[in-house]
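Chemist: generate coordinates for the sequence data below:
(chains A and B)
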Number of protein chains: 2
Amino acid sequence: MIPKDHPRYQSLVTREHLAECARAGIVSLEGLTSHGRGEAFDYLLGEKTSASALRAEKTAAALLRLAKHPVLSVNGNTAALAAHEIALLQKASGALVEVNLFHRTPERVQQIEAVLRKAGAAVFSGEAERLLPLSHDRAFCRREGMYAADVVLVPLEDGDRCEVLVGMGKKVIAVDLNPLSRTAKTATLTIVDEVTRALPRIAEACTALSDDECRSLVAGLDNRGFLAEAKDEMARRLHALD
Amino acid sequence: MIPKDHPRYQSLVTREHLAECARAGIVSLEGLTSHGRGEAFDYLLGEKTSASALRAEKTAAALLRLAKHPVLSVNGNTAALAAHEIALLQKASGALVEVNLFHRTPERVQQIEAVLRKAGAAVFSGEAERLLPLSHDRAFCRREGMYAADVVLVPLEDGDRCEVLVGMGKKVIAVDLNPLSRTAKTATLTIVDEVTRALPRIAEACTALSDDECRSLVAGLDNRGFLAEAKDEMARRLHALD
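Modeler: Numbers count the residues shown, from 1 in each chain, chains lettered A, B, ... in the order given. Predicted coordinates for the structure are as follows:
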């Protein structure tokens, strides 16, 4: 048991929850290490949504709203941390929800789909094929799902899939706490924020924005600008946190 | 298998080794997350020992050399990553090596002690009692070990024990890649460096320093200065890595 008076109580509870999900097979052991990397960058963000991340979240909502065929891609960590938030965003955006895993087994896919369904998401399942030009199992997706998507949201990406999706002409929205990662630099739009903070804000903006506001946000999209602001924010906090 | 020419080869091999240690029960699942956090900060350090970290390592050697009863506290991650380095530092410093765990079970203590002994360390074992004023199981230590120590080295600390040890009048040397952590700020001396780089450098300085040099290093100890230099280094790299 984690003592309630521990100053890092929430962070430790989340870590324990992920560890339980790893024991259950939903989260991979590598996913636990990835979570730790994210925690460190979030610490540098002060564990809150910055003004520039909020603008990125509104821009993400605009991309989803203007999309013909938006897909939310979910991996083990996202399901473990944010299944309810995915369901919420699905309702607000009308996007498909599809599971895509690096450490892929049929059992893990089913387990993660079950977690999402329990949280209220409608999961696009069906037959997965090796459709993305990747040597590993993230290549598996559905022809009528991610393969056909024009906008894909990839929270907690851990690999080179972002580059491949962009190369296929899709708009990719990444949620990545590391503004230096290849994913962050390759995505059409990178939200440097923690996933459970980011998704509800995107959902809220999906409902609140007018069509004109959506077009204007997308026209002004400057991903390098968002990343530069995130790095500035982290550098500032390195000095402010004393 | 991880290809040897992979740009992140060493990091991936370490991560895989830790995942194996987690399957064996030596590393806790929470320890994998902690490792990920360290990775992120080490990335911001350029994965090398900075000039100021090297000065901190020499100062750590001086503290150990001038101690009457130094103890090296070892947890699961330290044993998994640096058992040989702990044995080396024990030989150079004459310190006791004692296992202290947050996720404590008798089996895990025995496993970790076995890893340390296999690497050549003499482990101070015997009866552990709840001697530190902490609500969790890091409270367990030995009366003639950490409880009686005047200098304690705590690599990869994950909690509030550092504060308690300092409150008991001990000098605490932390090895912590996060210069913002409570441990980093509370310790008598914080080495912001990766543990397998730090420990051999401390061991080398234990052998090389004269008594006068030791006294002079300890007299000049400025932990806030070390932390400020580490933060400057990381902020510089946040902007350099583009």
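Chemist: in chain A, which spans are strands?
Modeler: Using DSSP state E, the strands assigned to chain A run over residues A:70-74, A:96-99, A:129-130, A:140-141, A:151-155, A:171-175, A:189-191.
Chemist: and the one residue in chain A that gets nearest to chain B, how many neighbours does it have?
Modeler: Residue of chain A nearest chain B, by C-beta to the nearest C-beta: A:Gly36 (2.3 Å). (Each C-beta comes from the backbone N, C-alpha and C, glycine too.) Close neighbours of A:Gly36, defined as other C-beta atoms under 10 Å in any protein chain shown, add up to 22.
Chemist: got a list of what the closest residue in space to it that isn't next to it in sequence touches?
Modeler: Of all residues not flanking A:Gly36 in the chain, B:Gly36 sits nearest, at 2.3 Å (C-beta to C-beta, 6 or more residues apart in numbering or on different chains). Listed by C-beta atoms under 8 Å, 6 or more residues apart in numbering or on different chains, the contact set of B:Gly36 reads A:32-40.
Chemist: then A:Lys58?
Modeler: Applying C-beta under 8 Å, 6+ apart, the residues contacting A:Lys58 are A:201-202, A:205, A:209, A:217.
Chemist: per-residue pLDDT, it?
Modeler: In the prediction, the pLDDT value recorded for A:Lys58 is 98.
Chemist: which of the contacts of B:Gly36 are buried, as a PyMOL select command?
Modeler: Restricted to buried positions by 16 or more other C-beta atoms under 10 Å in any protein chain shown, the PyMOL selection for those reads:
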select buried, chain A and resi 32+33+34+35+36+37+38+39+40
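Chemist: inside helices: which ones of the contacts of B:Gly36?
Modeler: With DSSP state H as the criterion, helices contain A:32-40 from among the contacts of B:Gly36.
Chemist: and which of the residues you listed is nearest A:Asp222?
Modeler: Ranked by distance to A:Asp222 (C-beta to C-beta), the ones in helices among the contacts of B:Gly36 are led by A:Gly38 at 23.6 Å.
Chemist: skipping its backbone neighbours, what lies nearest the closest one in space?
Modeler: In space, A:Gly38 is closest to A:Leu177, 4.3 Å off (C-beta to C-beta, 6+ apart).
Chemist: also A:Arg201?
Modeler: A:Glu57 (4.3 Å).
Chemist: kindly report the same for A:Val151.
Modeler: A:Ala67 (3.8 Å).
Chemist: go on, A:Arg215?
Modeler: Leaving aside its sequence neighbours, A:Arg215 sits nearest to A:Leu66 (C-beta to C-beta, 6+ apart; 7.0 Å).
Chemist: contacts only, for the residue nearest in space to the middle of chain A.
Modeler: With distances taken as C-alpha atoms, centre = their mean, A:Pro155 lies nearest the centre of chain A, 1.3 Å away. Contacts for A:Pro155 were tallied using C-beta under 8 Å, 6+ apart; they are A:72-75, A:78, A:82, A:174-175, A:195, A:198-199.
Chemist: now A:Tyr147
Modeler: Shown in contact with A:Tyr147 (C-beta under 8 Å, 6+ apart): A:129, A:131-132, A:141.
Chemist: go on, A:Ile86?
Modeler: Counting by C-beta under 8 Å, 6+ apart, the residues that A:Ile86 touches are A:72, A:74, A:78-79, A:97, A:116, A:119, A:121, A:199.
Chemist: please spell out the PyMOL selection for the buried subset of the residues you listed.
Modeler: Here is the PyMOL selection string for the buried members of the contacts of A:Ile86, based on 16+ other C-beta under 10 Å:
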select buried, chain A and resi 72+74+78+79+97+116+119+121+199
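Chemist: out of the contacts of A:Ile86, which comes closest to B:Ala51?
Modeler: Nearest to B:Ala51 among the contacts of A:Ile86: A:Thr78, at 40.5 Å, using C-beta to C-beta.
Chemist: what sits against that closest one?
Modeler: Contacts of A:Thr78 (C-beta under 8 Å, 6+ apart): A:86, A:155-156, A:195.
Chemist: cool, and A:Val99?
Modeler: Contacts of A:Val99 (C-beta under 8 Å, 6+ apart): A:73-75, A:79, A:109, A:112-113, A:116, A:123, A:125.
Chemist: and the two most separated of those?
Modeler: A:Asn75 and A:Ser125 (15.3 Å).
Chemist: neighbour count winner among these two?
Modeler: For A:Asn75 versus A:Ser125, neighbours defined as other C-beta under 10 Å are more numerous around A:Asn75 (27 against 16).
Chemist: I figured the more buried one was touching A:Leu153, is that so?
Modeler: No. With contacts counted by C-beta atoms under 8 Å, A:Asn75 stays clear of A:Leu153, the gap being 11.9 Å.
Chemist: that older thread, distance of the residue nearest to A:Arg201 relative to A:Ala95?
Modeler: Distance, A:Glu57 to A:Ala95, by C-beta to C-beta, to the nearest Å: 15 Å.
Chemist: which one of those two has more residues nearby?
Modeler: Remark: of A:Glu57 and A:Ala95, A:Glu57 carries more neighbours, 26 against 23, as counted by other C-beta under 10 Å.
Chemist: residues touching the more buried one, list them.
Modeler: Contacts of A:Glu57 (C-beta under 8 Å, 6+ apart): A:49, A:191, A:193, A:198, A:201-202, A:205.
Chemist: export these to JSON lines and tack on pLDDT and neighbour count?
Modeler: Below are these laid out as JSON lines (pLDDT from 0 to 100; neighbours: other C-beta atoms under 10 Å in any protein chain shown):
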{"residue": "A:Thr49", "pLDDT": "97", "neighbour count": "18"}
{"residue": "A:Ile191", "pLDDT": "98", "neighbour count": "31"}
{"residue": "A:Asp193", "pLDDT": "98", "neighbour count": "25"}
{"residue": "A:Ala198", "pLDDT": "98", "neighbour count": "27"}
{"residue": "A:Arg201", "pLDDT": "98", "neighbour count": "21"}
{"residue": "A:Ile202", "pLDDT": "98", "neighbour count": "28"}
{"residue": "A:Ala205", "pLDDT": "98", "neighbour count": "24"}
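Chemist: please list the members of these that lie in helices.
Modeler: A:198, A:201-202, A:205.
Chemist: between those, which sits nearest B:Gly169?
Modeler: Minimum distance to B:Gly169 across the ones in helices among the contacts of A:Glu57 is 45.4 Å, recorded for A:Ala198 (C-beta to C-beta).
Chemist: please name the bridge partners of the closest residue to the residue nearest to the centre of chain A other than its chain neighbours.
Modeler: Spatial nearest neighbour of A:Pro155, excluding adjacent residues (C-beta to C-beta, 6+ apart): A:Val175 at 4.0 Å. With DSSP bridges as the criterion, A:Val175 is bridged to A:Pro155, A:Ile191.
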